[in-house]
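Colleague: Need the 3D shape of this:
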Amino acid sequence: MSEEGMIATHTGRSPRFTHWVAFLICSVITLGAAVEAKNHTDAITAKSNSYQNWSVISSGITFGLVFLIVVMHLFQCTSFLIVGTKIEGLLCILLVAFWAATVSIISDSKHGLAVDVSGAVSNGNLYYFSWAGFICSVTITVSYLRSAFHVDVAGEIRSRSARLTTWSALLACSLVVMGSSANIFDNDCNVSDDEVFRGNTYCNRTKWGLALGLVATVLSLLVVGMKIATAKAPFLLEAGLSIVLLIMYAFGVAYITSQQGPGAPLGTCHSLLSL
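Modeller: Below you'll find the model as predicted:
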């Protein structure tokens, strides 16, 4: 039995209890911020209004479920129903799905909840605590897999191949750069209204961010796929791609995060992390 499983057996409390409490704090702050943003933000379209409602409903459901789970952890007579059981695993997967959808809605400037039309964070509590809640949900799920099925995800990744974690992080950041650049381009550049159009310089740099994110995503996905399939990747290929991506992101960070670029406001592009 794993160390986490022994702790749960002797104490009746999950080794994930502190993570559940942190998730509860994030969910209650996100719920309050989502309700406030919904009440003080005019929906641009009927569709955006439905998305705003979804952010409130999803945050409310998450808060209710996590609060119930935390309460069940506090009592010996109920903890055995949740700690390390299939119910906890099902709830972990459900909450990850709920929170992924919630974060995508909250981070989209079209809905006007936590990010304004320029891509800057307008509601810090809603933006940052929604992302923190998503990280908590993923952490809890990984911990559950490790204790219930003896699947050490982090250990497997570390032992699978050198630098796999780094390439995976680059893949995740590149996806965010590509997605946020595409979202900004649709909202501010691919429009017919001259009052909304942000200018050629801004839009050209947004296109660069979109192209950079796409190329980096494809290349990093290629390396990650090779490492997972064969436990290694050709050293010269990996070194060559690293140099190419370093040069591209060096120029990308300079252009995207400049005053006239789409990454100037905080929260729009993760190009610095990718670099």
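Colleague: The closest residue to G124 other than its chain neighbours: neighbouring residues, count only.
Modeller: Excluding its sequence neighbours, the residue lying closest to G124 (CB to CB, 6 or more residues apart in numbering) is A114, at 7.9 Å. Quick note: C-beta positions are derived from backbone N, CA and C, even for glycine. For A114, the neighbour count with other CB atoms under 10 Å is 29.
Colleague: Buried residues in the top helix by length along the chain, which are they?
Modeller: Determined from DSSP state H, the single longest helix within the chain is helix 200-230. The neighbour-count criterion (16 or more other CB atoms under 10 Å) identifies 202-203, 205-206, 208-210, 212-217, 219-221, 223-224, 226-227 as the buried residues of helix 200-230.
Colleague: Repeat that for stretch 63-77.
Modeller: For stretch 63-77, burial by neighbour count (16+ other CB under 10 Å) applies to 63, 65-66, 69, 72-73.
Colleague: again, but for stretch 254-261
Modeller: Neighbour-count burial for stretch 254-261, counted by 16+ other CB under 10 Å, picks out 255-257, 261.
Colleague: got the CA positions of that stretch in CSV?
Modeller: The C-alpha trace of stretch 254-261 is given here as CSV (Å, rounded to 0.1, in the frame of the first residue of the first chain):
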residue,chain,number,x,y,z
ALA,A,254,9.7,41.5,-27.9
TYR,A,255,6.9,42.1,-30.4
ILE,A,256,4.0,40.6,-28.6
THR,A,257,4.5,42.1,-25.2
SER,A,258,5.5,45.6,-26.5
GLN,A,259,3.2,48.5,-26.0
GLN,A,260,1.6,48.0,-29.5
GLY,A,261,1.4,44.3,-29.1
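Colleague: pLDDT averaged over it - what is it?
Modeller: The average pLDDT for stretch 254-261 rounds to 76.
Colleague: With stretch 206-220 instead?
Modeller: On average, stretch 206-220 scores 89.
Colleague: just checking, what packs against the longest helix of the chain?
Modeller: Here helix 200-230 touches helix 164-188, helix 235-256, helix 271-274, going by 3 or more CB pairs under 8 Å, 6 or more residues apart in numbering; DSSP states H and E.
Colleague: just how off-centre is that helix within its chain?
Modeller: Centre-to-centre, helix 200-230 and its host chain are 17 Å apart (CA atoms, centre = their mean, to the nearest Å).
Colleague: for stretch 22-38, same thing?
Modeller: 16 Å.
Colleague: What residues sit buried inside that stretch?
Modeller: Quick answer for stretch 22-38 (16+ other CB under 10 Å): 22-24, 26-31, 33-34, 37-38.
Colleague: circling back: I'd like the helices and strands packed on helix 200-230 laid out as JSON lines, including distance to T139.
Modeller: As requested, the helices and strands packed on helix 200-230 are arranged in JSON lines below (distance: least, CB to CB, whole Å):
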{"stretch": "helix 164-188", "distance to T139": "15"}
{"stretch": "helix 235-256", "distance to T139": "27"}
{"stretch": "helix 271-274", "distance to T139": "19"}
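Colleague: mind checking which of those is nearest S50?
Modeller: With distances scored as CB to CB, the stretch of the helices and strands packed on helix 200-230 nearest to S50 is helix 164-188 (18.1 Å).
Colleague: Okay, now the unreliable bits of this structure?
Modeller: 1-14, 41-48, 117-119, 149-162, 191-198, 231, 263-275 (pLDDT under 70).
Colleague: Please identify which helix or strand holds the residue of it most remote from its centre.
Modeller: Most distant from the centre of the chain: C77, at 35.2 Å, with distances by CA atoms, centre = their mean. Per DSSP states H and E: C77 is located in helix 76-79.
Colleague: Mind giving me the packing neighbours of the helix or strand following that helix?
Modeller: Later in the chain than helix 76-79, the nearest helix or strand by DSSP H and E is helix 86-106. Packed against helix 86-106 by the contact rule (3+ CB pairs under 8 Å, 6+ apart) you find helix 17-40, helix 46-73, helix 124-148.
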